[in-house]
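Colleague: Sequence plus the predicted model coming up.
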Amino acid sequence: MLAFCDGDAAAFETLFRRWAGPLLRYLERMLGEAGAAEELVQEAFLRVHRARASYRPEARFSSWLYRIGTNLALNELRRPARRAPHASVDGAEGEGVALPAAEEPGSDELVDARRGVRALDRALRELPERQRAALWLVAVEGHSYAEVAGSLEISEPAVKALVHRARTSLAAKLEAQDANGPRKEAS
Amino acid sequence: MTGPIPIECASSAEDFSALLDGELEPAREAELRAHLGGCARCQAKLASLARVDVLLAGLPVIEANADLYARLRARIDASEADAAAPRVAPRRAPRRRAWGLPAAAAAAAAALALYLALPRPRVEIAAPPEPRIAKAPQPRDVPALEPPPATAPAAPTAPAPTQVAEQRAAAPAPPAPEPARDPEFDALPAADLAAGMDLDTAKDLPVIANLELLERLVALEEDRG
């Protein structure tokens, strides 16, 4: 990171290769659209590049990057044109999610896994956007409450409450899904 | 479960998440773990929450398009090239000198031509107009139109325009302060000023170097009238 701050283009590319995928996965879950998520990944790294001189080494690079990405995603979600429900990930083919290729289309396990991914994606997307962001950053990216508080510009207790509400909500939906019967009925 | 329950289950809900996230204070974590050891209901609740994390972590990683970095690099290069380019202020209309305004110049030229071409109110209509081109005052003679000295003989009768012009030309010009001149103005042929100009041409010429001058001309004539 320090090499990048000094203008090392190769160091910047290394950072991109390391973090573009995880950031893309996060932004895709936030936006529900692969194309828009890629655009925001580019924009986030563009801003990182422009602001490299202001980077403080005491902050984790990933924390800084995800803060930028979170702000971009929340702004994007607040655009009026974005208010419509997301469709791509919830679509029949899981368009926005790079699911494993169905090498064995008849495999019950694979179909079950795909259905489970879609159900989880759907449940995740139904969360309020701040709950979604907070839970993802903490549970998947391993960010601390303090880091998420910085990203969302809220207090740490508020992060704690958001994360817990998001977890509880998802857990309830998963349990309801379990209670709805066997998932392999359509396979 | 035989020991005392140190934590009320209902009050510890958020702490279950914090426990999973490693955000509890050590003392509180120890307390909660002790409670979990003796409370099946809280164990189930914690397991339900932990399952969410396990499933989320198992969501497939999305591979970025192979050309994503190339596109980003292109944007960065373009952005840096743009920043490195000399700042060019937004192209503004060139600041026009007063005489440079085509419309104003044309209007002023027309006004001057009209002023010079029209007979003076005191001029007899029957008087044949002299060729105005030849007799028109030279632009550089304009200052000579300053009020003549008090000793200058007044014309007994209304003179013809040419006479006025001749008298004006012959009148001694007091060393009145002249308005700032423009070399382009001085270089203009007199005929262009006096002979009723082609406005299409005139608009491109710095015909009237000083609109104040024209106003002064008009004011002087009015005073004389």
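Modeller: Arrived safely, thanks for sending.

Colleague: How many neighbouring residues does the nearest residue to residue A:131 once chain neighbours are set aside have?
Modeller: Leaving aside its chain neighbours, residue A:131 sits nearest to residue A:166 (3.8 Å; criterion: Cβ to Cβ, 6 or more residues apart in numbering or on different chains). C-beta coordinates here come from the backbone N, C-alpha and C atoms, glycine included. Residues within reach of residue A:166, counting by other Cβ atoms under 10 Å in any protein chain shown, total 24.

Colleague: which residues does residue A:166 contact?
Modeller: A:127, A:131, A:132, A:134, A:135 (Cβ atoms under 8 Å, 6 or more residues apart in numbering or on different chains).

Colleague: Could you list the buried residues of the helix or strand hosting it?
Modeller: In this assignment (DSSP states H and E), residue A:166 forms part of helix A:156-179. Neighbour counts over helix A:156-179 (16 or more other Cβ atoms under 10 Å in any protein chain shown) mark A:158-171, A:173-174, A:177 as buried.

Colleague: Just give the nearest non-adjacent residue to the residue positioned nearest the centre of chain A, would you?
Modeller: Geometric centre of chain A, nearest residue: residue A:26, 1.7 Å, by Cα atoms, centre = their mean. In space, residue A:26 comes closest to residue A:136 once its chain neighbours are excluded; the distance is 5.7 Å by Cβ to Cβ, 6+ apart.

Colleague: How many residues are close by the closest residue to chain A within chain B?
Modeller: Proximity of chain B to chain A (Cβ to the nearest Cβ) peaks at residue B:17, 3.9 Å away. Residue B:17 is flanked by 27 other residues according to other Cβ under 10 Å.

Colleague: Now the phi/psi pair for it, please.
Modeller: The phi/psi pair for residue B:17 (degrees, to the nearest 10) reads phi -60, psi -40.

Colleague: Any figure for the gap between the residue of chain A found nearest chain B and residue A:26?
Modeller: Proximity of chain A to chain B (Cβ to the nearest Cβ) peaks at residue A:164, 3.9 Å away. Distance of residue A:164 to residue A:26, given as Cβ to Cβ, to the nearest Å: 20 Å.

Colleague: Residue A:70 contacts residue A:133, correct?
Modeller: Yes: taking Cβ atoms under 8 Å as the definition, residue A:70 is a contact partner of residue A:133 at 5.5 Å.

Colleague: Tell me how many other residues surround residue A:153.
Modeller: The number of residues near residue A:153, taken as other Cβ under 10 Å, comes to 11.

Colleague: Same check on residue A:108?
Modeller: Residue A:108: 11 neighbours (other Cβ under 10 Å).

Colleague: Where do the domain boundaries of chain A fall?
Modeller: Structural domains assigned to chain A are A:1-86, A:105-182, following automatic domain parsing.

Colleague: lowest-confidence stretch among the ones you listed?
Modeller: For the domains of chain A, mean pLDDT drops lowest on domain A:1-86, to a mean of 85.

Colleague: Run the chain-centre distance for that domain.
Modeller: Between the centre of domain A:1-86 and the centre of its host chain there is 11 Å, according to Cα atoms, centre = their mean, to the nearest Å.

Colleague: Quick check: which element contains residue B:45?
Modeller: Assigned by DSSP H and E, residue B:45 belongs to helix B:40-57.

Colleague: So what touches that helix?
Modeller: For helix B:40-57, the surrounding residues in contact (Cβ under 8 Å, 6+ apart) are A:116, A:120, A:124, A:135-136, A:139-140, A:167-168, A:170-171, A:174-175, B:1, B:9, B:12-13, B:16-17, B:19-20, B:35-36.

Colleague: got the residues of chain B near chain A?
Modeller: Within chain B, the positions lying close to chain A (Cβ under 8 Å from any Cβ of the partner chain) are B:13-14, B:16-18, B:20-21, B:23, B:48-49, B:51-53, B:55-57, B:59-65, B:68-69, B:71-73, B:75-76, B:79.

Colleague: can you list the domain ranges for chain B.
Modeller: Domain segmentation of chain B under automatic domain parsing yields B:9-57, B:98-123+B:130-148+B:161-169+B:180-224.

Colleague: weakest of those by average pLDDT?
Modeller: domain B:98-123+B:130-148+B:161-169+B:180-224 (a mean of 47).

Colleague: how about the helices of chain A, start to end?
Modeller: A:2-5, A:9-31, A:34-50, A:61-78, A:108-125, A:129-135, A:145-152, A:156-179 (DSSP state H).

Colleague: Single out the most deeply packed of those helices.
Modeller: The highest mean neighbour count among these, using mean count of other Cβ atoms under 10 Å in any protein chain shown, belongs to helix A:129-135: a mean of 23.

Colleague: Give me the helices and strands touching it, please.
Modeller: For helix A:129-135, the packing partners by 3 or more Cβ pairs under 8 Å, 6 or more residues apart in numbering or on different chains; DSSP states H and E come out as helix A:9-31, helix A:61-78, helix A:108-125, helix A:145-152, helix A:156-179.

Colleague: try 7 Å
Modeller: Under the contact criterion of 3 or more Cβ pairs under 7 Å, 6 or more residues apart in numbering or on different chains; DSSP states H and E, helix A:129-135 touches helix A:9-31, helix A:61-78, helix A:145-152, helix A:156-179.

Colleague: how about TSV for these, with distance to residue A:38 added?
Modeller: Formatted as TSV, the helices and strands packed on helix A:129-135 follow (distance: least, Cβ to Cβ, whole Å):
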stretch	distance to residue A:38
helix A:9-31	6
helix A:61-78	12
helix A:145-152	20
helix A:156-179	25
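
Colleague: Can you say which of these is nearest to residue A:55?
Modeller: helix A:61-78 (6.4 Å; Cβ to Cβ).

Colleague: Run through who's touching the closest one.
Modeller: Helix A:61-78 is contacted from outside by A:1, A:15, A:19, A:23, A:26-27, A:30-31, A:36, A:40, A:43-44, A:47-48, A:55, A:82, A:129, A:133, A:137, A:141, A:143, A:147, A:150-152, using Cβ atoms under 7 Å, 6 or more residues apart in numbering or on different chains.
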